[in-house]
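J.: Test case, fold it:
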Amino acid sequence: MTGGDGPKPDLRRSSDSKPLSWTERVEFGLYACLLPGLCYALLGTTDAVSIGPTAVMSLLTAEFAGGDPQLSVLLAFFTGVVVLTAGLVRLGFLVDFFSVPVVSGFVSAASITICSTQLKGLLGIKGSSGKTMIGTLRHVAGHIDETNLWDLLLGTTCILLLLGLRWLGQRAGSSGTSAGRRSPLATLQWLLSIARNALVVLLASLLVLALERHQLSPLSTTETVPVGFPAPQPPPFALLAVNGTREEAGLLQLTRQLGLGLLVVPLVSVIECMAIAKAFDVVIK
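T.: All right, here's what the predicted structure looks like:
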């Protein structure tokens with residue numbers, strides 16, 4: 001996508017570059033994912049969508065940005081510009097042209113992809129597994145002897161707990177059509193069900209904290225995340241390219257580096273929201 005037969009510039013910083021800014025730190029995504037939910041709570045029109053970084057969008061971003069944090073920021077910015085522009089010019093009717101088989105296929109493929117990417121973490125296997133489902137399965141099969149049984153036990157327990165809390169919600173729903181008509185016990189079950197993801201994360205975090213307080217580290221954990229919020233900055237419209245010499249990469253060069261991602265990522269984000277909304281609509285009906 002860069003055009004021409006010349007050498008393609010490497011848009012990643014070398015080890016002798018200046019210290020990384022917040023746009024080059026991996027953990028900035030943890031802070032950025034909080035803002036969409038807060039904005040959507042004020043401006044959104046439906047609760048049947050997933051706001052924030054999903055597994056499918058994360059995989060696509062890694063594919064087109066090549067794992068570069070700065071390119072990921074730029075791709076996210078242009079994705080927002082494309083989706084916002086489409087909304088302002090009333091292009092929502094184009095979604096109606098996506099047939100049911102297309103949406104169903106996307107949901108099925110997304111489910112399989114998500115399950116395969118989580119398999120390595122469930123087993124506690126280290127190392128990079130590639131960007132495809134086949135690569136992930138090969139990596140898991142080749143390192144199955146490195147499985148961390150404590151990670152597997154915790155992951156399995158969390159899955160069972162999630163399923164159990166969802167069952168509680170379904171049982172509470174059978175006792176009435178709205179929360180006001182339920183008994184206090186059924187209302188409690190319904191609240192536990194809708195908060196099950198947060199509850200499981202909280203309980204698992206408390207477990208890890210308790211183990212570390214006793215100098216025990218049987219579980220795989222993330223690395224230390226620097227404290228404090230970074231100062232807001234504009235997207236990186238120019239990057240330092242390294243090809244033996246230092247030079248500035250212009251905006252046009254960066255967009256060529258992202259290539260079809262400027263169209264594919266916004267399109268998939270819309271399809272993903274539509275698929276989730278339609279799935280919830282079917283459940284509600």
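
J.: Share the number of residues neighbouring residue 198, please.
T.: 9 (other C-beta atoms under 10 Å). In short, each C-beta sits where N, CA and C put it, glycine included.

J.: same thing with residue 204?
T.: Neighbour tally, residue 204, other C-beta under 10 Å: 16.

J.: could you say what helices and strands the host helix or strand of it packs with?
T.: Using DSSP states H and E, residue 204 falls within helix 196-213. In this structure, helix 196-213 packs against helix 149-173, with contacts taken as 3 or more C-beta pairs under 8 Å, 6 or more residues apart in numbering; DSSP states H and E.

J.: residues of the helix it packs on that come out buried?
T.: Residues of helix 149-173 classed as buried by neighbour count (16 or more other C-beta atoms under 10 Å): 151, 154, 155, 158, 165, 168, 169, 172, 173.

J.: By pLDDT, give me the weakest of the residues you listed.
T.: Within the set of the buried residues of helix 149-173, pLDDT is lowest for residue 173 (68).

J.: what's the distance between residue 163 and residue 156?
T.: Per C-beta to C-beta, to the nearest Å, residue 163 is found 11 Å from residue 156.

J.: which residues sit in contact with residue 172?
T.: Residues near residue 172 by C-beta atoms under 8 Å, 6 or more residues apart in numbering: 182, 186, 187, 189, 190, 193.

J.: Can you show me the strands along this protein?
T.: For the chain, the strands defined by DSSP state E occupy 239-242, 246-249.

J.: Tell me the confidence at residue 47?
T.: Residue 47 is given a pLDDT of 71.

J.: Residue 129 now?
T.: At residue 129, the pLDDT value in this model is 67.

J.: next one: residue 178
T.: So, for residue 178, pLDDT stands at 49.

J.: now the stretch 51-200 of the chain, which segments are flagged as low pLDDT?
T.: 129-131, 173-182 (pLDDT under 70).

J.: before we move on, back to that, could you export the helix holding residue 204 as PDB, CA atoms only?
T.: The C-alpha trace of helix 196-213 is given here as PDB (Å, rounded to 0.1, in the frame of the first residue of the first chain):
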ATOM      1  CA  ARG A 196     -21.500 -10.800  36.700                       C
ATOM      2  CA  ASN A 197     -18.600  -9.700  34.500                       C
ATOM      3  CA  ALA A 198     -17.500  -7.000  37.000                       C
ATOM      4  CA  LEU A 199     -18.000  -9.300  39.900                       C
ATOM      5  CA  VAL A 200     -15.800 -12.000  38.400                       C
ATOM      6  CA  VAL A 201     -13.100  -9.500  37.600                       C
ATOM      7  CA  LEU A 202     -13.200  -8.100  41.100                       C
ATOM      8  CA  LEU A 203     -13.100 -11.500  42.800                       C
ATOM      9  CA  ALA A 204     -10.200 -12.700  40.600                       C
ATOM     10  CA  SER A 205      -8.300  -9.400  41.300                       C
ATOM     11  CA  LEU A 206      -8.800  -9.800  45.100                       C
ATOM     12  CA  LEU A 207      -7.600 -13.400  44.900                       C
ATOM     13  CA  VAL A 208      -4.400 -12.400  43.100                       C
ATOM     14  CA  LEU A 209      -3.900  -9.500  45.600                       C
ATOM     15  CA  ALA A 210      -4.300 -11.800  48.600                       C
ATOM     16  CA  LEU A 211      -1.800 -14.300  47.100                       C
ATOM     17  CA  GLU A 212       0.800 -11.600  46.500                       C
ATOM     18  CA  ARG A 213       0.300 -10.300  50.000                       C
END
